[in-house]
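Engineer: Here's a sequence, model it:
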Amino acid sequence: MMKLYYGPGACSFVPHAGLEAIKAATGENFEAQSVKLHKGEQQTPEYLALNPLGLVPVLVVDGQPLSQIVAICDYLDRRHPQAGLLPAEPWQRAQAMSTFAWMNNTVHPTFTHIFRPSKFASTEDAQADVRNVAVATFREHLERIQGMAAKAAPFLLGDKFSFVDAYALTFLRWGGLGGIDPASLPVYRAYVERVAAHPAVAAAMAREGINLDTYKPK
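Structural biologist: You can find the predicted model right below:
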């Protein structure tokens, strides 16, 4: 049985929702292990033995750990293509992976500058500047995803839920944590509400104990 180590609300939600979709499509179950990031559980010797970088997610298959979200999701799709979590046709798959890679290597790190500005600047003033710039840039990324959501039918890649939908949902939640009101992105929010209603997504959200509404007006 595959085992996923995830942090509630973190990017590990993407393969978590995917595993729920695989379970529904194939009947193959999986084990889910919560890693409480705010308590530093990702820095324990046991976890570092799985991923020396101390990051989630980690997928353990036959006793072997696999890290990095894109690699994990690519593996899951190749193992269970019948779940349809990425397109099978080569060109469509390449386009999907282009979007997925952009989310992972551009949008995601932008939020890291919001959530952990101390990693990028040493003084409080500099950290505040890093965060302010990152919030503005993250907003631009969310607006680009909103443009994609305007063409969703009903999901970003067509009629099937995919990994990129789970990532898009995660980013809107993170935007709320960064002070971006989802009401200011109405098309994006309506699309994410559709994604959240998908049974696999709803199951993963319930296990992680998270909801869509993370925004708190100041």
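
Engineer: The top helix by length along the chain - contacts with which helices or strands?
Structural biologist: Identified as the longest helix of the chain according to DSSP state H is helix 124-149. Where contact means 3 or more Cβ pairs under 8 Å, 6 or more residues apart in numbering; DSSP states H and E, helix 124-149 is packed against helix 108-115, helix 163-177, helix 186-197. Using the backbone N, CA and C atoms, a C-beta is placed for each residue, glycine as well.

Engineer: For residue 70, grab the count of nearby residues.
Structural biologist: Neighbours of residue 70 under the rule other Cβ atoms under 10 Å: 16.

Engineer: how far away is it from residue 100?
Structural biologist: Separation of residue 70 from residue 100 (Cβ to Cβ, to the nearest Å) stands at 6 Å.

Engineer: Also residue 37?
Structural biologist: Residue 37 is 23 Å from residue 100, by Cβ to Cβ.

Engineer: same deal with residue 170?
Structural biologist: 12 Å.

Engineer: With residue 184 instead?
Structural biologist: In terms of Cβ to Cβ, residue 184 sits 25 Å off from residue 100.

Engineer: Comparing the two, which shows the higher neighbour count?
Structural biologist: Neighbour count, other Cβ under 10 Å: between residue 184 and residue 100, residue 100 has more, with 23 against 14.

Engineer: can I assume that one is in contact with residue 68?
Structural biologist: No. Between residue 100 and residue 68 there is no contact under Cβ atoms under 8 Å: 11.9 Å.

Engineer: Contact partners for the spatially closest residue to residue 174 that is not a sequence neighbour?
Structural biologist: Nearest residue to residue 174, sequence neighbours excluded (Cβ to Cβ, 6 or more residues apart in numbering): residue 111, at 5.0 Å. With contact taken as Cβ atoms under 8 Å, 6 or more residues apart in numbering, residue 111 is in contact with 134, 138, 171, 174, 178.

Engineer: Please identify which of the residues you listed is nearest to residue 7.
Structural biologist: Minimum distance to residue 7 across those is 12.6 Å, recorded for residue 174 (Cβ to Cβ).

Engineer: neighbours of that closest one, just the number please.
Structural biologist: Neighbours around residue 174, by other Cβ under 10 Å: 23.

Engineer: ends of stretch 152-172, how far apart?
Structural biologist: 16 Å (Cα to Cα, to the nearest Å).
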